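> fold the stuff below for me.
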Amino acid sequence: MKIDMKVLIAFVVGAVIIAGFEFMFAGGSLLYCMLFFIAISQGPIAIVAAVDIVNSQWIKPYKALMFSVRHMILFIALLFGVFLLAGKLELFEAWMHGHQTAWLNPEFFSIRNIALLLLAWVVANKFAKESLATSDKKVKWSLFWLFTYVLNQTIIAFDWVMSLMYPWISTLFGAYFFVEAFYSGLALAAIFTYFYHQNLSETYSEKTFKKSQMDMMTLFFGFSVFWGYQFFSQYLVIWYGNIPEEVAYLKHRLDQFSILLYLVIVILFVIPFITLLFRKIKGNPRAVLPIGLIVWSGILLERVIMLAYHMPLHPVITLVEFVIMAAIFVWVIKNRTDVAPQP
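Numbering: from 1, shown residues only. Predicted coordinates:
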């Protein structure tokens, strides 16, 4: 659970600055930023867990980098506390005013979300320790992490997004979120490939890292297809069921964001699918960087479609808070304390 003191200081300073904006301005800017960064903080660790379970070795060059993002989970737990203290729980007014249930009530909502984020951080730290040390317990902790990851992403999907349109429900929404977080982690791996390929090639040999890169980018290609499958499955169930409270979710967004919705499909499925078909692109660090950034932009755009119908997203405040969180995200990676596995 070792964390650099400079990172902790950055967390406190960042939280204080963001708290200032949250107390002064209304809207869901912080929720929007948290939805993006929780995906790219948990998804990379899930990738390592999935590979460790099958005891494959190609992930080794990427391991320390993928684990380096885990401390952002602690920062997001801190920011969720800021979100609550700033009174932003009122954004969930659809169920807070006269529609509360045993599950949807302010106290339980707050406790379970902070508790699950802290649990995820603790489990991620333990898993990182066992996996980087190539311990016999790494498979067990891989399973623990994947369970925690799926639970976290599912609750985030249900609590942070689905409950905004209560009583709309979708049993596939949680799966959609943890698949997309995994996909965002692969996009991060593509970005790491560009910025660290020279260092990793020198550490693990160019041949070894090239094989790891090809395997990672092939997985990236596979999840572009899987994301498309999840998106279509979500749509198919809503269309086929034709239940008014389910159809309303898509109808409102098609009426307001139809062009953006189609653009998300192009960005998150069509572009990665076509480009990553080619072996030369998968093996070129300069080529995979823009694909990773494009996938991230698609996820950011999709989050706008999810939230903007229900709450204001002040463009300036959203951008400022996003830049602060992005800067801390980079700072966390640069100040990682993990020892990379031996070649």
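
> make it CA atoms for all contacts and neighbour counts henceforth
Noted.

> just give me the neighbour total for residue 223.
Taking other CA atoms under 10 Å as the criterion, the count of residues near residue 223 is 23.

> that one touches residue 185, doesn't it?
No: counting by CA atoms under 8 Å, residue 223 does not reach residue 185; the two are 10.5 Å apart.

> low-confidence regions, this protein specifically.
Counting by pLDDT under 70, the chain shows low-confidence ranges at 1, 244-245.

> tell me the centre residue of it?
Nearest to the mean C-alpha position of the chain, by CA atoms, centre = their mean, lies residue 39 at 0.7 Å.

> so how far is the one helix or strand that one maps to from its chain's centroid?
Applying DSSP states H and E as the criterion places residue 39 in helix 29-53. Taking the mean of its C-alpha atoms, helix 29-53 sits 3 Å from the chain's own mean (CA atoms, centre = their mean, to the nearest Å).

> can you classify residue 338 by secondary structure?
When classified by DSSP: H, G, I helix; E, B strand; the rest coil, residue 338 comes out as coil.

> what sits closest to it if chain neighbours are left out?
Spatial nearest neighbour of residue 338, chain neighbours left out: residue 64 (6.1 Å); criterion: CA to CA, 6 or more residues apart in numbering.

> what helices or strands is the helix or strand harbouring the one you found leaning on?
Remark: residue 64 resides in helix 63-67, with elements defined by DSSP H and E. For helix 63-67, the contact count by 3 or more CA pairs under 8 Å, 6 or more residues apart in numbering; DSSP states H and E identifies helix 29-53, helix 106-132 as packing neighbours.

> what sits up against it?
When contacts are defined by CA atoms under 8 Å, 6 or more residues apart in numbering, helix 63-67 is touched by residues 44, 45, 48, 128, 132, 189, 192, 333, 338, 339, 340, 341.

> with just CA atoms, put the helix or strand that it is followed by into PDB.
Proceeding C-terminally, helix 63-67 gives way to helix 72-85 as the next helix or strand, assigned by DSSP H and E. Once non-C-alpha atoms are left out, helix 72-85 reads as follows in PDB (Å, rounded to 0.1, in the frame of the first residue of the first chain):
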ATOM      1  CA  MET A  72      -6.100   7.400  -8.300                       C
ATOM      2  CA  ILE A  73      -8.800   5.300  -6.800                       C
ATOM      3  CA  LEU A  74      -8.000   6.800  -3.400                       C
ATOM      4  CA  PHE A  75      -8.100  10.300  -4.900                       C
ATOM      5  CA  ILE A  76     -11.500   9.600  -6.500                       C
ATOM      6  CA  ALA A  77     -12.800   8.400  -3.100                       C
ATOM      7  CA  LEU A  78     -11.600  11.700  -1.600                       C
ATOM      8  CA  LEU A  79     -13.300  13.600  -4.400                       C
ATOM      9  CA  PHE A  80     -16.500  11.700  -3.900                       C
ATOM     10  CA  GLY A  81     -16.500  13.000  -0.300                       C
ATOM     11  CA  VAL A  82     -16.100  16.500  -1.700                       C
ATOM     12  CA  PHE A  83     -19.000  15.900  -4.100                       C
ATOM     13  CA  LEU A  84     -21.200  14.900  -1.100                       C
ATOM     14  CA  LEU A  85     -20.000  17.800   1.100                       C
END
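
> which helices and strands does helix 72-85 pack with?
Secondary elements touching helix 72-85 (3+ CA pairs under 8 Å, 6+ apart): helix 5-24, helix 29-53, helix 106-132.

> isn't residue 302 up against residue 264?
Yes: here residue 302 reaches residue 264: they are 6.3 Å apart, a contact under CA under 8 Å.

> so what's in contact with those two at the same time?
Counting by CA under 8 Å, 6+ apart, residue 302 and residue 264 have no shared contacts at all.

> if we can go back for a sec, can you redo the contacts of helix 63-67 as a markdown table with distance to residue 35 and neighbour count?
A markdown table is the format used below for the contacts of helix 63-67 (distance: CA to CA, whole Å; neighbours: other CA atoms under 10 Å):
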| residue | distance to residue 35 | neighbour count |
| --- | --- | --- |
| 44 | 15 | 27 |
| 45 | 17 | 26 |
| 48 | 21 | 24 |
| 128 | 23 | 27 |
| 132 | 28 | 18 |
| 189 | 19 | 24 |
| 192 | 21 | 18 |
| 333 | 19 | 19 |
| 338 | 26 | 16 |
| 339 | 29 | 12 |
| 340 | 29 | 16 |
| 341 | 31 | 15 |
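
> using TSV, lay out those together with distance to residue 181.
Supplementary listing: those in TSV, determined by distance: CA to CA, whole Å:
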residue	distance to residue 181
44	8
45	10
48	13
128	18
132	22
189	12
192	16
333	18
338	23
339	25
340	24
341	25
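
> residue 327: which of the residues you listed is nearest?
residue 333 (10.1 Å; CA to CA).
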